[in-house]
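> Sequence and computational prediction follow.
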Amino acid sequence: MTSDRQTGLHLEELGTTVIVRIDGGEHALLTPELAAEISSLVDKVDQDPDVHAVVFTGAHPDRFLSHADVTWLQAGGVGFPRINTGLARTVARMARGINRVPILRSLAGMTRLKTLLQLDSLHATLLKMNASGTIFIAALNGSALAIGAEFAWACDVRIMADGDYAIGLSEVLLALTPGGGGSQRLTRLIGPRQTLAAVLEGKAFTPAEALAVGAVDEVVPQNKVLERALERAEFLGLRAKKSLGAIKRSIYFGASLPILQGLQFEHAEFLVRDQDKEAQKRMLGYIDAIKASGDLPLLDPKIYARSVREGRIGNYSKV
Amino acid sequence: MTSDRQTGLHLEELGTTVIVRIDGGEHALLTPELAAEISSLVDKVDQDPDVHAVVFTGAHPDRFLSHADVTWLQAGGVGFPRINTGLARTVARMARGINRVPILRSLAGMTRLKTLLQLDSLHATLLKMNASGTIFIAALNGSALAIGAEFAWACDVRIMADGDYAIGLSEVLLALTPGGGGSQRLTRLIGPRQTLAAVLEGKAFTPAEALAVGAVDEVVPQNKVLERALERAEFLGLRAKKSLGAIKRSIYFGASLPILQGLQFEHAEFLVRDQDKEAQKRMLGYIDAIKASGDLPLLDPKIYARSVREGRIGNYSKV
Amino acid sequence: MTSDRQTGLHLEELGTTVIVRIDGGEHALLTPELAAEISSLVDKVDQDPDVHAVVFTGAHPDRFLSHADVTWLQAGGVGFPRINTGLARTVARMARGINRVPILRSLAGMTRLKTLLQLDSLHATLLKMNASGTIFIAALNGSALAIGAEFAWACDVRIMADGDYAIGLSEVLLALTPGGGGSQRLTRLIGPRQTLAAVLEGKAFTPAEALAVGAVDEVVPQNKVLERALERAEFLGLRAKKSLGAIKRSIYFGASLPILQGLQFEHAEFLVRDQDKEAQKRMLGYIDAIKASGDLPLLDPKIYARSVREGRIGNYSKV
């Protein structure tokens, strides 16, 4: 990929998809600088109506993202008075507030709070990925441990290379606990039973194990990972971006709420979509097509299949 | 079924089960009028101690319920000032309140709020089905898309016909997002990973796929769907109706709460059941049976199996 | 095990694991006295840094824990004015408060509230097991119904004997509903669809069925149950106890919250761990090992595998 191994993100546009090669240096580590670059990228693609999907892959030949720069995490744990879990909860909540006020953020950034705020920013980035109409795909060309796995699980689709690679949460082996959302997102992906077993052990999944439990969506030969990720990106990217965002929010956020609130969350997303110009146009077209053909286009398997291929219902002539 | 294709519900009583053939006209559509009829039916069977189960099936030869009358949804999206998601959330919450005050409801029903209120009423109906001691079974004689699928997922059991039928959420193809609870109930049935993949694609499940992921409970030949649904209705209907309600609420509502609140929810349901006359009678009978036989009836596999068949423990003689 | 069938807990220490044989008398019943003993034991092992795991098994030759002493439950349901679910919810919440104030507890314990408070204490014990850094393993040497199953599902690992044994919730057959957390913990273990089907039927799982749905983790011949449970206890017990606690809380409690709050919950647990002396030592050692070897120890499959076996990363020499 890059011969000079410059740390950072290398972007390549391909139609409505952006390929992002993450270069974490020779060790493929997530540094705070790299996290900040990912954050800016996510802000940009989320807003850009012409970007429908992002494919993340590792610039390293055999690693997607190894884990965090441990020096960063280690430094974040010293210099504070020891705190208990209750106080830590207050601090974790405060971080989001401080990060939202630029003056506070720059003042606090000069202090021991820096690592805390950087970790909170990373959380905000991953949440923005979950809320966005842009589809994020992890093209796992190799291993992803700890924050590397947590980042992949914050994507919408995971394609992993077959081979001697690992994806999982190793934190317990360092006497730590996951901090980048892994205990939350993996539990919601594969359920608490299998998450608990894996995280208590600290043993990562092989590609086959990850596929079997649902921690990745597909396993393909390493040289097909990017190709397959791009296929999925293009396919999903054919759909209305605003609908994709509403669906992602309804499932990631709404369905994590108590059911009554979840239903209201979904209802609100529907109300906004129902008023949308594009949705109105398609609904009126659908009504016309019923009148013209005398039947419901979606109930015709061939028309339905074509609509799925095209990402929209609209070409109603019999196929 | 009906030759005049009169839109509406056609009821047939069979012991403690009511068969409801849903006739949505030649296209098997859910109209607001049909939704209102379903709402009245649910109110009635929920209260009637003699109705233990309801089997819903489609009057159409190959469709359970195609999807909503799109004219209805389309009309609901026009005439408002454009709203954002935050405001939509407030509106969605308000709808339940307005729907509960008859005078407000009839005033608002004459305005542009009509579709919104109708959709909210449908939500209330599906929630009442989830809370009820009556068992609701979807006998899917054919396809069910969008609101058709959402209605099936609000039932307690789903038996689907084998064949070229589909069940799923196609909203994204119309630039919409699910609005009848599908993103919430499917996620809770089959998990967020597989729900997200299906709803982003807009591709419905075949009967075999639906069975594999858990979106339906059984797939049988089309001419056995009603028979099998009635068997399940009769079997589950042998149990104490109030217990079935407590169990459904504990799982649908309690288990969607944070665990501490979920445990308190279940505890409260238990306290009410523990005081129930019928439960007291059965517990006293169980205690007597232990004294008489010298062992625990439920630990005898034959007595246990018979109790499951009969829906109650009570006949303790060795079998 | 014991020939005099003395009801109670029989403890045996084995390294950092405590084996607890639960003796509920000839019927293997959970009595309030036994529940109180389990509560004291959990308090003790939770605090003791030298106890890393507890293996619970049944003293009865074919039963883990049959179910509750029905006389206890039955007595708890009489003598109150009949209450509705709303009031019951208030009462269930109050119980925790009363139980926390010794004077109120002893006053209330002399009244009709006694069963209610005992059930609430049991809930508190099971929650303490979920929150603890001690690993709890159910070595299911035989059947476990109702509260017996609920107790097993509050453990972290379940190893079940193959044979004509049953694990499940039979409450509906007595016109009751689960009250010891079963509707909550089983739903979170195996999902609402399969929980609903099982609890509405009142039919328990065979060992093979329990394994297939995930209601137990392993099924082995009965004479291997304890041995296998001890292996798992020793293996997991090699990990830092405080990390195990943080992981359990993040998954059991954090992941039951709406996702935003769940992420903050996890973040707080991470902050506390990150400052921990042992974690700091291991991170500094890891950083040194990177410098010494020129690569990341965790990305070397052999070093990683050894670390999982040893429960900690620390011996970095190539193997």
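Thanks, I have the structure now.

> Show me what from the stretch 101-250 of chain A comes close to chain B.
The stretch 101-250 of chain A has residues A:135, A:156-157, A:188-191, A:214, A:217, A:235-236, A:239-240, A:242-244, A:246-248, A:250 near chain B, with proximity defined as Cβ under 8 Å from any Cβ of the partner chain. (Glycine included, C-beta is placed from N, CA and C.)

> Those residues also near chain C: which ones?
Restricting these to those near chain C - Cβ under 8 Å from any Cβ - leaves A:Arg188, A:Gly191.

> I'd like to know which of the residues of the stretch 101-250 of chain A next to chain B are part of helices.
If you go by DSSP state H, these have A:Arg188, A:Leu189, A:Ile190, A:Phe235, A:Leu236, A:Lys242, A:Ser243, A:Leu244, A:Ala246, A:Ile247, A:Lys248, A:Ser250 in helices.

> The last one contacts A:Glu269, correct?
Same thing as A:Ser250. Yes: contact status for A:Ser250 versus A:Glu269: in contact at 5.3 Å, counting by Cβ atoms under 8 Å.

> Quickly list what's touching both of those two.
Counting by Cβ atoms under 8 Å, 6 or more residues apart in numbering or on different chains, the residues touching both A:Ser250 and A:Glu269 are B:Thr177.

> For the residue in the stretch 151-300 of chain A that chain C sits nearest to, which non-adjacent residue is closest in space?
Per Cβ to the nearest Cβ, A:Gly179 is where the stretch 151-300 of chain A lies closest to chain C, at 3.0 Å. With sequence-adjacent residues excluded and distances taken as Cβ to Cβ, 6 or more residues apart in numbering or on different chains, A:Gly179 is closest to C:Phe270, at 3.0 Å.

> again with A:Val18
A:Val18's closest residue in space is A:Val54 (Cβ to Cβ, 6+ apart), at 5.0 Å.

> what helices or strands is the host helix or strand of the residue nearest to A:Gly179 leaning on?
Using DSSP states H and E, C:Phe270 maps to helix C:259-274. With contacts taken as 3 or more Cβ pairs under 8 Å, 6 or more residues apart in numbering or on different chains; DSSP states H and E, helix C:259-274 sits against helix A:85-100, helix A:114-131, helix A:182-190, helix C:241-252.

> ok, the first one near chain C or not?
So that's helix A:85-100. Yes: Helix A:85-100 reaches chain C (Cβ under 8 Å from any Cβ) through A:Thr85, A:Ala88, A:Arg89, A:Val91, A:Ala92, A:Arg93, A:Ala95.

> So how do I select the buried members of those residues in PyMOL?
Per 16 or more other Cβ atoms under 10 Å in any protein chain shown, the buried members of those correspond to this PyMOL selection:
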select buried, chain A and resi 88+89+91+92+95
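
> how about the residues of helix A:85-100 next to chain C in JSON lines, adding distance to C:Gly163 and pLDDT?
Putting the residues of helix A:85-100 next to chain C into JSON lines (distance: Cβ to Cβ, whole Å; pLDDT from 0 to 100) gives the following:
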{"residue": "A:Thr85", "distance to C:Gly163": "42", "pLDDT": "75"}
{"residue": "A:Ala88", "distance to C:Gly163": "47", "pLDDT": "78"}
{"residue": "A:Arg89", "distance to C:Gly163": "46", "pLDDT": "79"}
{"residue": "A:Val91", "distance to C:Gly163": "51", "pLDDT": "76"}
{"residue": "A:Ala92", "distance to C:Gly163": "48", "pLDDT": "77"}
{"residue": "A:Arg93", "distance to C:Gly163": "50", "pLDDT": "78"}
{"residue": "A:Ala95", "distance to C:Gly163": "53", "pLDDT": "79"}
